[in-house]
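Provided below for reference: sequence and predicted model.
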Amino acid sequence: MSESNDSVFSALADPTRRQILEWLDGGEDPLTATALASRLPITRQAVTKHLKELEGAGLVSSVREGRETHYSATIDGLDTAAVWLAARGAVWDERLARLSESAIGREDASSTMVHDPGASREYIYHFGPGPRPELATNPDAWTAEDVEVGAAHFAYLSRTAEEGIVILAGRSQDGVGPAIVIFEADDLEDARRFMERDPFVSHGLFTGSLHPFNTALMRVP
């Protein structure tokens with residue numbers, strides 16, 4: 001990850017800075033540190049430090065007018081972060097392709113039996129369009145909050161993959177095909193909870209459709 005992306009995600013990691021950015025990006029006129037401090041339980045000096053962090057990440061710009069500095073949101077930092085998130089999606093696509101190409105020959109014995117969805121340990125969910133379907137194809141449509149949710153989504157799948165829960169995850173690169181997550185769970189309700197905790201689903205950026213899944217064939221190296 002580049003230093004610019006490091007600074008963007010570091011800036012967005014703090015809830016106070018996220019709140020400040022939302023106010024600055026909310027269609028209001030540029031705000032001063034004094035005006036922002038009046039909305040927060042912290043001092044003006046603390047607000048100024050947060051604004052410097054946001055400005056250093058390319059998320060905020062400032063204009064000096066007399067004795068006051070006025071701040072407004074800028075999309076420069078969000079653009080670089082959105083490109084990085086798209087690249088991370090491509091990495092997942094590559095991993096999915098490698099798994100698909102390297103798999104061979106494992107057939108689940110239960111595939112010849114009547115399938116009991118409640119007894120399945122493997123599940124798959126795919127993402128569908130949310131209230132803003134343009135998010136799937138247009139990086140410019142992502143807001144600061146969307147980028148934060150995207151980072152949380154990637155972190156959630158990365159962590160659970162390391163824990164052995166997620167088997168694979170990826171998305172199509174044409175913006176038309178599916179984005180999927182295949183994972184293990186104790187039962188259907190446990191699987192549903194896992195899907196609903198995915199930040200993309202829990203924050204409503206995308207919908208999730210859950211199905212029992214059964215690996216029939218997998219090639220091994």
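Structure's in. What do you need?

Now do the strands in this structure.
Listed in chain order, the strands of the chain (DSSP state E) span 31-32, 60-65, 68-73, 122-129, 166-171, 179-184, 206-213.

elements contacting the first one?
In this structure, strand 31-32 packs against strand 68-73, with contacts taken as 3 or more CB pairs under 8 Å, 6 or more residues apart in numbering; DSSP states H and E. Heads up, the C-betas are built off the backbone N, CA and C, glycines and all.

Now do the buried residues in stretch 17-30.
Across stretch 17-30, burial judged by 16 or more other CB atoms under 10 Å covers Arg17, Arg18, Ile20, Leu21, Trp23, Leu24, Asp25, Pro30.

of these, the lowest pLDDT goes to which?
Note: of the buried residues of stretch 17-30, the lowest pLDDT belongs to Asp25, at 83.

My read is that that one contacts Val147, right?
No - if you go by CB atoms under 8 Å, Asp25 and Val147 don't touch, sitting 11.5 Å apart.

Quick check: closest non-adjacent residue to Thr143.
With CB to CB, 6 or more residues apart in numbering as the criterion, Thr143 has its nearest non-adjacent residue at 6.9 Å, and that residue is Asp25.

Against Ile167, how distant is that neighbour?
Remark: distance between Asp25 and Ile167 (CB to CB, to the nearest Å) = 37 Å.

returning to what we had before: who touches the residue nearest to Thr143 in this structure?
Asp25 makes contact with Ala73, Thr143, Ala144, according to CB atoms under 8 Å, 6 or more residues apart in numbering.

Ok, Ala37 next?
Thr43, Arg44, Ala46, Val47.
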